[in-house]
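# model this:
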Amino acid sequence: MRNKSYVIDPMSQQQTLYHWYRCVSKQFCSLSKPQAWGLAAFSLAVALARRCALPAAAEALPICGKPDSLERRWQRFLNNAHVDWSAGCTALAHWVIGALAPTRRVVLLVDETRLRQGRLPVQFQLIIHGAT
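Below is the predicted model of the structure:
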């Protein structure tokens, strides 16, 4: 069942995506142009879908292609060994905290939980004092 809350007209989606790509490419300087496009499209789709699952995100951004094609493209992007994920995390932290820190006190909580397969999922919570 498709969630209609994120459906916006294709022209608005395209304009929003181009604007978001410019923001992403400016903040994530270590990414190549195709990588920045991938990140911009994926992050916008997650925001529109309000879910981070690839199938739901892929359905939320029809201007970028068929959902199954988008899902495979994002799987390749997320598994790309040429992307410096550490630099990306640093850039994201600078961007978010830099935007919030001048006006509010910010606390970052990190939770690492090792799973049986040796995977280490990390959960982050950003606590913003004075936010309503």
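# Name the helix or strand for Phe124, please.
Assigned by DSSP states H and E, Phe124 falls within strand 122-128.
# can you pull out the helices in this structure?
10-27, 33-49, 54-60, 67-78, 85-100 (DSSP state H).
# tell me what the first one is packed against?
If you count contacts as 3 or more C-beta pairs under 8 Å, 6 or more residues apart in numbering; DSSP states H and E, helix 10-27 packs onto helix 33-49, helix 85-100. Glycine gets a C-beta too; all of them are placed from N, C-alpha and C.
# Those helices: which one's closest to Asn79?
helix 85-100 (10.6 Å; C-beta to C-beta).
# packing partners for the closest one?
Partner elements for helix 85-100 (3+ C-beta pairs under 8 Å, 6+ apart): helix 10-27, strand 106-112, strand 122-128.
# re earlier: distance to Gln123 and mean pLDDT for the helices of the chain - can I get that in JSON lines?
JSON lines is the format used below for those (distance: least, C-beta to C-beta, whole Å; pLDDT from 0 to 100):
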{"stretch": "helix 10-27", "distance to Gln123": "22", "mean pLDDT": "90"}
{"stretch": "helix 33-49", "distance to Gln123": "16", "mean pLDDT": "93"}
{"stretch": "helix 54-60", "distance to Gln123": "19", "mean pLDDT": "93"}
{"stretch": "helix 67-78", "distance to Gln123": "17", "mean pLDDT": "94"}
{"stretch": "helix 85-100", "distance to Gln123": "14", "mean pLDDT": "84"}
